[in-house]
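Asks: Build me a structure from this.
(one chain, ligands or ions: 1)
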Amino acid sequence: MPLHSTLCEIAIYAKSQKKNFLKYILAVKNCHTRLFTSVGSFEKTVKMDSEYSVITEGKASILFPQNNKVFYNNVQQFNRDLSVAAIRIWSEIFSEEKQKKAQQKKDSDIKTQCNSSLTECLHHIRQPSKTYTFTILEALAASGLRSIRYAKEISNIKYIVANDLDLDAVNLINRNVEYNELSKDFVRANQGDACSVLYQHRNFPDRFDVIDLDPYGTAAPFIDGAVQAVEEGGLLCITCTDLANLTGSNYPEKCYANYGSIPVKGEFCHEMALRILLHTLSTSAAKYRRHIIPLLCCSIDFYIRIFVRVVTSPVEPLAKVTGKNSFVPITGPIVNSSCEHCENKFHVGGPIWSHSIHDKKFVHRMLEHIKESSKETYQTHSRMLGMLSVVMEELDVPLFHSLPTLAGTLHCTNPPLKIFCSAILNKGYKVSASHAMPGSVKTDAPMDVIWDIFRSWIQLHPVTMKNIKENSPARKILAVEPSFIADFTIHPNAEPTSRKIKLVRYQQNPEKFWGPKARATGKRKVKDVENDESTEQLPSAKKKNNN
Ligand SMILES: C[S@@+](CC[C@H](N)C(=O)[O-])C[C@H]1O[C@@H](n2cnc3c(N)ncnc32)[C@H](O)[C@@H]1O
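Replies: Numbers count the residues shown, from 1 in each chain. Take a look at the predicted model:
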């Protein structure tokens, strides 16, 4: 039977079985070494001699070497879905800003022209508003999947440079561009060191409007180039997977060498990792009279991903402003060498970015866009909705507490999250969860209020003091009478809407052995702890070193 009629039969069968044609072909590839497929008017040859498999993600179908030589990690689909949505929303805002500027210029031109000629005036009024196109650099592009998704799923792109150091990767990008029927002028495969490419494009008008850095491990070597090569108001999208360094699981020197900051081990370490990366970006940008505006910064699975705008401005909010052009240095340190509550020694960490890590207006717009989109557009749709909803609810204060750790310090039972949050709210403070950890407590309540709530809790649920060592933090904290008795009555805002309506707030393990391609060591356990969050089922407190 001729090959093309065999293929037709396969296609009809695949359709009747609601199977993806290409995936189905893959399943029968062992029967055929060479298949011709026709997609629309485009005829292409797919070599199916077990060298390649086809992976479909979003609107892109990627030929991917079976021997896994060029990096593909399907668990990162959430990263790519989120990036498509973020770039889409950023590009709308970028275009609106440009249109507004153009409109202002037009208005002033009209004013001038109308004074001289009515025809000129009408000509100006009738000019349609321009659509702004933008450029993207994916500096470490591997198979080109991400660039091809951007090309197919985001409007108004002028062109994309998909760069990789590895020649095999560049050949594969070219093959995939062709396979997806995109022009090589639209998605331009380029072989080069990401740093060189960034430095070659650091001056106007060669800069890129969007730069995506998605390396193995740390993005630190590329940051200096990226903050220069991004256009005014442009977008940096950065992944770092070196969380062992950023969270202090390795030697702190490694993090200091890469990011100029010391990590602190603690339950908040993943948010601290985000703030360390933002600190590095902001200090790098400051060298070039630029500063960063974080739009969305997320701790996800085994990596962090941030979306940040870069603008030119000499202002760095480091000193106290006392008048126009007059500053005094900030004062400090604001703490002693040991803790006033438990008398333990303070550990030094940072410096970190202490301003907002999300722009809520941006996140809201992104969330609205995702709600209007379907699971076909974003296969990780429910997770996107869940995470961004938690981000929207997140309080704008740095870092957070973990209830089990606080309870562990005092050797008491975990207060249910809802009851503990109610006590904070009833005392007049704000509270939320953090997207970075299930069961987290983000609050503007000071530490003495937190310990007083625990002291009140312990009055209702006493601890066995004989089990607590002398001179332990627990003894010191519990020796103090609470300055108020906490009100544990359930507060109407103690349960966030995202939990009430049962969104996927925190991710379950996406698949067996998930993580960075080289299996992570000491990786975080991320499980769906929705139930854990609501009542007493929080992860049990670690009985550690405190007594
Ligand atoms: C994690 S993969 C990129 C995955 C890709 N962004 C995606 O979403 O599918 C990292 C890639 O960076 C490339 N690479 C490593 N060092 C590089 C450098 N200095 N310049 C350019 N590419 C580099 C590797 O060859 C590899 O293909």
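
Asks: All the strands of the stretch 201-350 of the chain, residue numbers only.
Replies: 208-213, 230-240, 290-300, 303-312, 320-323, 326-328 (DSSP state E, counting those that start in this stretch).

Asks: near the ligand at all, the fourth one?
Replies: Read that as strand 303-312. No - on the criterion C-beta under 6 Å from any ligand atom, strand 303-312 is out of touch with the ligand, staying 9.9 Å away. C-beta here means a position set from N, CA and C on the backbone, and glycine is covered the same way.

Asks: what comes up buried for that strand?
Replies: For strand 303-312, the buried set under the neighbour-count rule, 16 or more other C-beta atoms under 10 Å, comprises 303-310.

Asks: that older thread, closest to K500 out of the strands of the stretch 201-350 of the chain?
Replies: Closest to K500 of the strands of the stretch 201-350 of the chain, according to C-beta to C-beta: strand 290-300, at 22.2 Å.

Asks: That closest one vs the ligand: in contact?
Replies: No - Strand 290-300 does not reach the ligand (C-beta under 6 Å from any ligand atom); its nearest approach is 13.4 Å.

Asks: Could you pull up the mean pLDDT of that strand?
Replies: When pLDDT is averaged along strand 290-300, the result is 97.

Asks: Next: stretch 183-198.
Replies: On average, stretch 183-198 scores 98.

Asks: Just the CA trace of that stretch, in PDB.
Replies: C-alpha atoms of stretch 183-198 as PDB (Å, rounded to 0.1, in the frame of the first residue of the first chain):
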ATOM      1  CA  SER A 183      10.000  31.900   8.800                       C
ATOM      2  CA  LYS A 184      13.700  31.900   9.700                       C
ATOM      3  CA  ASP A 185      13.600  35.600   9.600                       C
ATOM      4  CA  PHE A 186      10.900  35.700  12.200                       C
ATOM      5  CA  VAL A 187      12.500  33.100  14.600                       C
ATOM      6  CA  ARG A 188      16.200  33.600  14.100                       C
ATOM      7  CA  ALA A 189      18.400  30.800  15.400                       C
ATOM      8  CA  ASN A 190      21.700  32.000  16.500                       C
ATOM      9  CA  GLN A 191      24.800  30.300  17.800                       C
ATOM     10  CA  GLY A 192      26.600  32.400  20.400                       C
ATOM     11  CA  ASP A 193      27.500  32.700  24.100                       C
ATOM     12  CA  ALA A 194      24.600  34.400  25.800                       C
ATOM     13  CA  CYS A 195      26.900  36.900  27.400                       C
ATOM     14  CA  SER A 196      28.400  38.000  24.100                       C
ATOM     15  CA  VAL A 197      25.000  38.300  22.500                       C
ATOM     16  CA  LEU A 198      23.700  40.500  25.400                       C
END
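
Asks: roughly how far out does that stretch sit from the chain middle?
Replies: Distance, stretch centre to chain centre, for stretch 183-198: 24 Å (C-alpha atoms, centre = their mean, to the nearest Å).

Asks: show me the contacts for the nearest residue to G234 once chain neighbours are set aside.
Replies: Spatial nearest neighbour of G234, chain neighbours left out: D209 (4.7 Å); criterion: C-beta to C-beta, 6 or more residues apart in numbering. The contact partners of D209, taken as C-beta atoms under 8 Å, 6 or more residues apart in numbering, are 94, 134-136, 230-231, 234-235.

Asks: how about the helices in the stretch 101-250 of the chain?
Replies: 118-126, 145-153, 167-179, 194-200, 220-229, 243-246 (DSSP state H, counting those that start in this stretch).

Asks: To A286, which of the ones you listed lies closest?
Replies: helix 220-229 (9.0 Å).

Asks: name the helices or strands packed onto the closest one?
Replies: Contacts defined by 3 or more C-beta pairs under 8 Å, 6 or more residues apart in numbering; DSSP states H and E place helix 220-229 against helix 194-200, strand 208-213, strand 230-240, helix 269-286, strand 290-300.

Asks: 6 Å - rerun?
Replies: helix 194-200, helix 269-286 (3 or more C-beta pairs under 6 Å, 6 or more residues apart in numbering; DSSP states H and E).

Asks: Figure out how far the first one is from the centre of its chain.
Replies: Pointing back at helix 194-200 there. The answer for helix 194-200 is 24 Å, by C-alpha atoms, centre = their mean.

Asks: near the ligand, anything from it?
Replies: Yes - Helix 194-200 lies within reach of the ligand by C-beta under 6 Å from any ligand atom, at A194.

Asks: Show me what from the stretch 101-250 of the chain comes close to the ligand.
Replies: Taking C-beta under 6 Å from any ligand atom as the measure of proximity, the stretch 101-250 of the chain contacts the ligand at 140-143, 145-146, 163-166, 169, 193-194, 214-216.
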